[in-house]
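Asks: have a look; sequence and predicted model below, questions after that.
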Amino acid sequence: MNLGPNFTLEEMPCWQKATPADVARLQETVTKVLQPVRDAFGVTRVTSWKWWSSGCRERTGAHSGGGTVDFITPNAPLWDVFQWGLENLDRGYVGRWIYEPYVEGVQGEHIHIAPRDDMWDVFAKADSSAWVEGPPDTYSPVPGWGGHSGSYQDPIEIEGVTVTVSPPFPDWLKLFLAGIGFGILMRFSSRRVR
């Protein structure tokens, strides 16, 4: 089954276990991330998806959502790919964009991409952020993408569009405003009855 011009389901680790929902999420990742990377840098290979490639053991975290993958580009430096992604990928789709270097005996160098939907389903987080792994399991945010990028604290700039978003109202203020609104409604409804 084709997932895009240069990707098939059969080349994904343990593809036989995939549900139609898994395939739909993976196909979106192929369209919005993997194919653009492939077009820019050549061969792009998924090394891990919803299952580990060795033993077909199910992944946890964002990988369990179906659209999250780890990948490599055998003919291009991954750091260059990572930097390119910071400038060219759709932050409305990308929940996490992480460069994870080679760690002897632990992991091979790869890039981790988790869509916002997977991040929301698993962690109830829908922001867009980019990270670079340092010592194992230590991550540094990429300036401009950081841990809060896309929120009212660090907005995403879209040329030609201006939007102002206020922080959420505290509960006491919501109750106060609801009370005022109810009072106004009651005052106008009592005038109509007379």
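Replies: That came through fine. Numbers count the residues shown, from 1 in each chain.
Asks: tell me the secondary structure for Asp137?
Replies: coil (DSSP: H, G, I helix; E, B strand; the rest coil).
Asks: for it, give me the pLDDT.
Replies: Model confidence at Asp137, given as pLDDT, is 73.
Asks: cool, and Gly147?
Replies: On pLDDT, Gly147 comes in at 47.
Asks: can you map out the helices along the protein?
Replies: Using DSSP state H, the helices of the chain run over 20-29, 35-41, 78-88, 116-123, 171-193.
Asks: by mean pLDDT, show me the worst of these.
Replies: Looking at those, the lowest mean pLDDT belongs to helix 171-193 (a mean of 68).
Asks: ok, the residue nearest the centre of the chain - contacts?
Replies: Nearest to the geometric centre of the chain sits Gly95, at 1.7 Å (Cα atoms, centre = their mean). Applying Cβ atoms under 8 Å, 6 or more residues apart in numbering, we find Gly95 in contact with 62, 114-120, 125-129. To be clear about C-beta, it is placed using only N, CA and C from the backbone, and glycine gets the same treatment.
Asks: can I get the helices of the chain in a markdown table with mean neighbour count and distance to His110?
Replies: A markdown table is the format used below for those (neighbours: other Cβ atoms under 10 Å; distance: least, Cβ to Cβ, whole Å):
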| stretch | mean neighbour count | distance to His110 |
| --- | --- | --- |
| helix 20-29 | 18 | 14 |
| helix 35-41 | 17 | 12 |
| helix 78-88 | 15 | 7 |
| helix 116-123 | 18 | 17 |
| helix 171-193 | 9 | 43 |
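Asks: including distance to Asn2, could those helices go into CSV?
Replies: Shown next, in CSV, are these (distance: least, Cβ to Cβ, whole Å):
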stretch, distance to Asn2
helix 20-29, 9
helix 35-41, 11
helix 78-88, 23
helix 116-123, 22
helix 171-193, 49
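Asks: Glu100: which of those is closest?
Replies: Closest to Glu100 of the helices of the chain, according to Cβ to Cβ: helix 78-88, at 8.9 Å.
Asks: how about the contacts of Gly95 in JSON lines, adding distance to Cys14?
Replies: Supplementary listing: these in JSON lines, determined by distance: Cβ to Cβ, whole Å:
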{"residue": "Ala62", "distance to Cys14": "17"}
{"residue": "Ala114", "distance to Cys14": "18"}
{"residue": "Pro115", "distance to Cys14": "19"}
{"residue": "Arg116", "distance to Cys14": "24"}
{"residue": "Asp117", "distance to Cys14": "21"}
{"residue": "Asp118", "distance to Cys14": "17"}
{"residue": "Met119", "distance to Cys14": "22"}
{"residue": "Trp120", "distance to Cys14": "24"}
{"residue": "Lys125", "distance to Cys14": "26"}
{"residue": "Ala126", "distance to Cys14": "27"}
{"residue": "Asp127", "distance to Cys14": "29"}
{"residue": "Ser128", "distance to Cys14": "28"}
{"residue": "Ser129", "distance to Cys14": "28"}
